[in-house]
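**Student:** Sharing a sequence plus its predicted fold:
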Amino acid sequence: MAGRNDETLKDLTLLGNQNTKYLFEYSPQVLEAIDNLHPTRDYFIKFNCPEFTSLCPMTNQPDFATIYISYIPDKKIVESKSLKLYLFSFRNHGDFHEDCVNIIMNDLIELLDPRYIEVWGKFTPRGGLSIDPYCNYGKPGTKFERMAENRLMNHDLYPEKVDNR
């Protein structure tokens, strides 16, 4: 297949829309997926969101992070503008860092049913302490389930090539 056509793009409502509405409350329904045109190949799709914000559920103070999302798609891939709007919707959402990364991963699993996914949040230190929660998932009964187990057990939380602080 040489490219996408109107039929393969018919379910996208946000990309190219000049009337984008920015949602200020957690909004998983904004996420959109399209067909993966390469379902027989295992490959990673990676997103880095260096401007993620959420709120502390106790103090309502803003928390800032870079969110890293990496996944191996199966039949669907996430449309990137919808992902940006979705991540932006955490702006006024009050939750702990660990909860935010797990919520993001759960929402993407529900949308995409990926072969493998990992979400990592590198939150800006506050009071001299940074929190960098990491979670992953591999589709049960596949080599990706074992990959997730191995990756979690051997995950280096501080690789120099990723740390941009």
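**Tutor:** Perfect, thanks for sending it.
**Student:** For the longest helix along the chain, what is the distance to the chain centroid?
**Tutor:** For the chain, the helix that runs over the most residues, judged by DSSP state H, is helix 97-112. Chain-centre distance of helix 97-112: 7 Å, with CA atoms, centre = their mean, to the nearest Å.
**Student:** From here on, call the first residue 41.
**Tutor:** That works, and once the first residue is 41, the last one we named lands at helix 137-152.
**Student:** Count residues in the vicinity of Asp135, would you?
**Tutor:** 17 (other CB atoms under 10 Å). (Each C-beta comes from the backbone N, C-alpha and C, glycine too.)
**Student:** I figured it hits Ile143, correct?
**Tutor:** Yes. Between Asp135 and Ile143 there is a contact at 6.9 Å, judged by CB atoms under 8 Å.
**Student:** follow-up on the earlier one: for the longest helix of the chain, packing partners?
**Tutor:** strand 85-95, strand 102-112, strand 116-118, strand 156-163, strand 174-178 (3 or more CB pairs under 8 Å, 6 or more residues apart in numbering; DSSP states H and E).
**Student:** and among these, the most buried is which?
**Tutor:** Compared across the helices and strands packed on helix 137-152, strand 156-163 shows the largest average neighbour count, a mean of 24 (mean count of other CB atoms under 10 Å).
**Student:** That strand pairs with which strands, parallel or anti?
**Tutor:** Looking at strand 156-163 with DSSP bridges, its partner strands are strand 102-112 (antiparallel), strand 174-178 (antiparallel).
**Student:** angle of that strand against strand 85-95?
**Tutor:** 40 degrees (axes from the mean of the first three to the mean of the last three CA atoms, to 10 degrees).
**Student:** What mean pLDDT does strand 156-163 get?
**Tutor:** With pLDDT averaged residue by residue, strand 156-163 scores 96.
**Student:** And it, how far out from the chain middle?
**Tutor:** 7 Å.
**Student:** Could you list the low-confidence segments of this protein?
**Tutor:** 41-42, 44, 46, 48-58, 195-205 (pLDDT under 70).
**Student:** what residues are up against the residue lying closest to Leu148 once chain neighbours are set aside?
**Tutor:** Nearest non-adjacent residue to Leu148, counting by CB to CB, 6 or more residues apart in numbering: Ile157, 6.0 Å away. Contact analysis of Ile157 by CB atoms under 8 Å, 6 or more residues apart in numbering lists Ile109, Ser110, Tyr111, Ile112, Met145, Leu148, Ile149, Asn176, Tyr177.
**Student:** Understood, closing this out.
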